[in-house]
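Trainee: The sequence and its predicted three-dimensional model are supplied below.
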Amino acid sequence: MADIPADLDWTRAAPDDAEGPGPWIEVAFGPGDLVYLRETSDPENVVTTTRKKWDAFVLGVQAGEFDHFAELDGQAPEES
């Protein structure tokens with residue numbers, strides 16, 4: 001396991017009006033082109049990836065490539 005820098009600036013991925021501790025995902029961009037991810041309910045469990053892989057993931061989310069994993073209002077998303 002790679003050492004996790006102590007001085008990372010974690011950003012919580014939650015709606016602006018979200019209250020309470022979550023759980024939420026937090027993201028931090030570190031040295032060496034690394035990206036760190038953790039859940040607020042388990043901050044010691046950190047996943048590390050590269051900036052290139054993170055950027056590809058974000059583009060996939062924006063393109064809807066992972067929508068089939070989500071449920072909207074208790075209903076599975078419609079197939080297109």
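Mentor: Right, received. Where do you want to start?
Trainee: For Trp10, what are phi and psi?
Mentor: phi -80, psi 140 (degrees, to the nearest 10).
Trainee: Relative to Tyr36, how far out is it?
Mentor: Separation of Trp10 from Tyr36 (CB to CB, to the nearest Å): 8 Å. Placement of C-beta: from N, CA and C, glycine included.
Trainee: Neighbour count: the two, which is higher?
Mentor: The neighbour comparison of Trp10 against Tyr36 (other CB atoms under 10 Å) goes to Tyr36, with 19 against 14.
Trainee: how much space is there between the more buried one and Asp67?
Mentor: Distance from Tyr36 to Asp67, by CB to CB: 25 Å.
Trainee: what about the strands in the protein?
Mentor: All strands of the chain, identified by DSSP state E, fall at 11-13, 25-29, 34-39, 42-50.
Trainee: Can you give me every residue that contacts the residue nearest to the spatial centre of the chain?
Mentor: Geometric centre of the chain, nearest residue: Ile25, 5.1 Å, by CA atoms, centre = their mean. Counting by CB atoms under 8 Å, 6 or more residues apart in numbering, Ile25 touches Arg12, Ala13, Leu37, Arg38, Glu39, Thr40.
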